[in-house]
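Got a sequence here, can you build the structure:
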Amino acid sequence: MSSCVKPLVQSKTSPMVLLHGFDSSCLEWRYTFPLLEEAGMETWAVDILGWGFSDLERLPSCDVASKRNHLYQFWRSHIRRPIILVGPSLGAAVAIDFAVNHPEAVEKLVFIDASVYAEGTGDLAKLPRALAYAGVYLLKSVPLRLYVNFLAFNGGPPTLFISLVEDATVNFMISGGYNVNAQIEKVKKRTLIIWGEDDQIISNKLAVRLHSELPNAIIRQIPECGHIPHVEKPDSVAKLIIEFVREACYEDVQTIPRLDDMVGI
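Numbers count the residues shown, from 1 in each chain. Predicted coordinates for the structure are as follows:
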């Protein structure tokens with residue numbers, strides 16, 4: 001029911017599965033995906049159920065449990081080995097929920113400008129369905145999308161692909177969305193947290209908080225970068241992920257300073 005980009009090569013290292021942010025698609029990875037493959041990583045990019053290029057002629061439920069089960073069935077059908085799960089923005093909440101419920105499927109985690117502290121969709125879950133559709137229609141408007149891109153990027157790269165499958169998005173909003181606050185402390189997997197220095201959507205203070213709440217995490221910040229580093233700074237993101245997969249010594253990385261130093265921790 002959804003699309004994925006399959007790897008060209010199989011690797012001895014754990015397969016990598018790339019998620020995406022809210023109502024986006026695997027096209028988020030169009031710049032970073034080739035760099036990971038060039039480094040010999042077995043890399044998959046998958047659309048989260050209900051978003052991207054999902055085939056929803058027969059619309060299933062698109063709540064959290066359905067998205068989790070869809071990802072698990074994808075893993076069980078195509079991979080069947082512990083993966084490195086990469087979640088940008090809301091994709092980090094998807095990754096946390098998946099790792100806690102299916103720890104056998106995950107070896108390591110990578111979070112990029114993680115949106116994990118929102119309490120689901122909040123009051124949007126209480127909207128009458130007609131108002132929810134009106135809200136989705138507003139999200140599709142060109143002025144609002146341009147404004148979101150202005151906030152998301154430091155320097156204004158091309159507009160992100162946003163699918164906004166109306167029925168699926170309304171379904172997700174009314175279901176309550178992701179609320180993974182209580183699950184964060186249950187994540188025991190080795191984790192890399194990447195953050196854009198100039199993120200105008202999620203404060204880097206939340207990156208520090210996430211780092212402190214995860215028992216086995218490291219954190220790195222990318223300078224002069226907004227909320228979507230894998231689109232804006234693909235070389236830096238690919239380098240950090242590849243080194244993390246190979247457990248390289250981060251002390252040798254000079255071009256990307258520690259977030260702790262940047263925020264005075």
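
Do you have the helices of the protein handy? List them.
Assigned by DSSP state H, the chain shows helices spanning 33-38, 64-78, 90-101, 129-139, 142-152, 166-175, 204-213, 229-232, 234-245, 259-262.

what angle do the third one and helix 64-78 make?
On the basis of axes from the mean of the first three to the mean of the last three CA atoms, to 10 degrees, helix 90-101 is oriented at 70 degrees to helix 64-78.

which residues sit against helix 90-101?
Residues outside helix 90-101 that contact it (CB atoms under 8 Å, 6 or more residues apart in numbering) are 19-22, 48, 64, 67-68, 71-72, 85-87, 105-106, 109, 111-112, 114-116, 118, 178, 180, 183-184, 186-187, 189. From N, CA and C alone the C-beta is placed, and that goes for glycine too.

tally of neighbours for residue 214?
21 (other CB atoms under 10 Å).

For the closest residue to it other than its chain neighbours, give its distance to residue 117.
Nearest residue to residue 214, sequence neighbours excluded (CB to CB, 6 or more residues apart in numbering): residue 191, at 5.3 Å. Separation of residue 191 from residue 117 (CB to CB, to the nearest Å) stands at 16 Å.

Pick out whichever of these two has more residues nearby.
residue 191 (25 against 16).

In this model residue 114 seems to touch that one, though I could be wrong.
No: Residue 191 is beyond contact range of residue 114, at 9.8 Å (criterion: CB atoms under 8 Å).

so what's the residue nearest to residue 214 up against?
So residue 191 contacts 108-111, 214, 216-218 (CB under 8 Å, 6+ apart).

Among those, which one is most surrounded by other residues?
Within the contacts of residue 191, most neighbours by other CB under 10 Å means residue 111, with 29 neighbours.

so who does that one touch?
So, once contact is read as CB under 8 Å, 6+ apart, residue 111 ends up touching 87-88, 92, 95, 191-194, 210.

Could you dump the contacts of residue 191 into JSON lines and include pLDDT and distance to residue 41?
Listed next are those as JSON lines, based on pLDDT from 0 to 100; distance: CB to CB, whole Å:
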{"residue": "108", "pLDDT": "97", "distance to residue 41": "12"}
{"residue": "109", "pLDDT": "98", "distance to residue 41": "15"}
{"residue": "110", "pLDDT": "98", "distance to residue 41": "12"}
{"residue": "111", "pLDDT": "98", "distance to residue 41": "18"}
{"residue": "214", "pLDDT": "95", "distance to residue 41": "23"}
{"residue": "216", "pLDDT": "94", "distance to residue 41": "21"}
{"residue": "217", "pLDDT": "96", "distance to residue 41": "21"}
{"residue": "218", "pLDDT": "96", "distance to residue 41": "19"}
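
which among these gets closest to residue 235?
residue 110 (15.8 Å; CB to CB).

If anything else comes up later, I'll come back, but that's it for now.
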